[in-house]
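In: Let me see the structure of the following:
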Amino acid sequence: MPLAEELTFLLDDSGVILNTDSASVPFVDITDVIGLDNAPYRETERDHEGTDGGFMDAEFEKGRPVILKGTIYANSSSMESYLDSLKANWAPSRTPIPLYFKAPGVDERVLFVKPLGCRYDWSTLRRTGQAEVQFKCFAEDSIIYTAALQEYTINYGGDAGTGFGFNLGFDFSFGPVVPPTGLNIPVGGTRPTPAIFIITGPIVSPVITNDTLGISLAFNITLSASDTLTIDLANRTVVLNDSLNRRNTLLQPNWFFLQQGGNFIRFGGGAGTGSSLTVQYRDAWR
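Out: Sure thing, here's the model as predicted:
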């Protein structure tokens, strides 16, 4: 759901917009946001034996806690019902849901979070139609994404066998063969981003190759025209027809994220005229 106003927040597509410029009550004025800077890093520190100094590893990020603080403005007749709607909106969820936010000068962004409720006290502020409030949530995936989902389709680009060949006076081949055609996938943001690949049959032994990284994902599977194979690079899953685990068909676990800039992706297989590869992703930010 696009946010029309800058510096606004929205949990889930049908939630309550926070920090709106609307002058009519009830509304929430957000005064402080914690957790949209760098996610906390997983730090490991150890001594350097036999000499001064030590070592610090901080390559990976932890989950990201986020807190929004603000003030509710309402009147005596609307305050309690408005609080009910906020508590319902920020109730715990079994699965992550989108937290949209719009900063000035950039496209709307999203963080996928598990909400942890809203917290407020009954105080003398209620007499004047106000209540201090905190909204808490936790992002298991610490990556901030551009809200708009990018999608590209690559048609079957030709046969890809089990080796690529060249002539040295005799036939000699090794490594994966890549299909002859593909598509450049542009990626923005400030960090590599995961993608979802959806292969639509018919195809035999599909192969997805990222020329930019020199990596291929090859599958030992045959798909009919009604089959789809979904490859989730973030969760490293391979699912047939949205329900059946087929990770065992992946010949080598060459998992990768799309890199900033251009990613030339090729799609082929043993045979597969009429098949296609759909690439879905969002630009990723730290």
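
In: if I pick residue 46, what's in contact with it?
Out: 54-55 (C-beta atoms under 8 Å, 6 or more residues apart in numbering). Glycine gets a C-beta too; all of them are placed from N, C-alpha and C.

In: just the one 10 residues further on next, same as before
Out: Counting by C-beta under 8 Å, 6+ apart, residue 56 touches 43-45.

In: With pLDDT, distance to residue 261 and secondary structure added, can I get those residues in TSV?
Out: Converted to TSV, the contacts of residue 56 look like this (pLDDT from 0 to 100; distance: C-beta to C-beta, whole Å; DSSP: H, G, I helix; E, B strand; the rest coil):
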residue	pLDDT	distance to residue 261	secondary structure
43	90	30	coil
44	91	31	strand
45	91	34	strand
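
In: Which one of those residues is nearest to residue 109?
Out: residue 43 (26.0 Å; C-beta to C-beta).

In: Correct me if wrong: that closest one contacts residue 58.
Out: Yes - counting by C-beta atoms under 8 Å, residue 43 does reach residue 58; the two are 4.8 Å apart.

In: Report the residue spans of this structure with pLDDT below the cut-off.
Out: Scanning the chain for pLDDT under 70 picks out 1, 160-180.

In: before we move on, back to that, and which of the contacts of residue 56 is nearest to residue 112?
Out: The closest of those to residue 112 turns out to be residue 43 (C-beta to C-beta; 24.0 Å).

In: contacting residues for the closest one?
Out: Residues near residue 43 by C-beta under 8 Å, 6+ apart: 56-58.

In: how about 6 Å then?
Out: Contacts for residue 43 (C-beta atoms under 6 Å, 6 or more residues apart in numbering) come out as residue 58.

In: Kindly provide the distance from it to residue 270.
Out: 47 Å (C-beta to C-beta, to the nearest Å).

In: One more: residue 108?
Out: Separation of residue 108 from residue 270 (C-beta to C-beta) stands at 42 Å.

In: same thing with residue 138?
Out: 44 Å.

In: so which strand or helix has residue 86?
Out: helix 79-89 (DSSP states H and E).

In: mind checking the longest strand of the protein?
Out: Ranked by residue count under DSSP state E, the longest strand found in the chain is strand 109-120.

In: Check which helices and strands that strand sits against.
Out: Applying 3 or more C-beta pairs under 6 Å, 6 or more residues apart in numbering; DSSP states H and E, we find strand 109-120 packed against strand 97-102, strand 130-139, strand 144-146.
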